[in-house]
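> Okay, here's the prediction I keep looking at, along with the sequence it came from:
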Amino acid sequence: MGSNPINLIFRFLLELTAIFIYGYWGWHASTGPLRYLLALGLPLAAAVLWGTFAVAGDPSRSGKAPVPIPGILRLLLELIFFCLAAYLLMIIGREGLGWIFAGAVLVHYLLSYDRVLWMLKQK
């Protein structure tokens, strides 16, 4: 189910939403020039980390891994990426949206149980 096209689209939308949330938080968490740096830099840094570190042969991605890492580390990276986005929404007063986003991420990982199990086996 983790490689189901509908679930892949769902994950892609979650990824885009998380990147948007990083920028949204950066804009609301600061003022002045730092506001612009955070609103642009944080999403860019998150996207670079997301795209760089991957499990070689991950069927839910291109299969390519610019920097190959073990499956458990990729899973940890994904969980931090998504949970931090939900948390950032909550700390700027958007608790309801944060919980909705966290719930959507949970649904995605429950639907992707086969991918999660596969990742846990990758060294």
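Now that the structure is in, tell me what you want to look at.

> For stretch 16-30, give the mean pLDDT please.
The pLDDT scores in stretch 16-30 average 96.

> Revised request: answer the last question for stretch 51-58.
89.

> So what touches that stretch?
Stretch 51-58 has contacts (C-beta atoms under 8 Å, 6 or more residues apart in numbering) with 61, 63-71, 73-74, 77, 115, 119, 122. For the C-beta atoms, the positions are set from N, CA and C on the backbone; glycine is no exception.

> Can you give me the buried ones in it?
Across stretch 51-58, burial judged by 16 or more other C-beta atoms under 10 Å covers Phe53, Ala54, Val55, Asp58.

> ok, so of those, who is nearest Leu38?
Phe53 (22.2 Å; C-beta to C-beta).

> Tell me the bridge partners for the closest one.
With DSSP bridges as the criterion, Phe53 is bridged to Val67.

> separation between it and Val67?
5 Å (C-beta to C-beta, to the nearest Å).

> just Leu111 next, same as before
Relative to Val67, and taking C-beta to C-beta, Leu111 is found at 27 Å.

> Can you tell me which of the contacts of stretch 51-58 has the most neighbours?
Within those, most neighbours by other C-beta atoms under 10 Å means Arg115, with 25 neighbours.

> other SSEs contacting the host helix or strand of it?
Assigned by DSSP states H and E, Arg115 belongs to helix 113-121. Secondary-structure packing of helix 113-121 (3 or more C-beta pairs under 8 Å, 6 or more residues apart in numbering; DSSP states H and E): helix 71-91.
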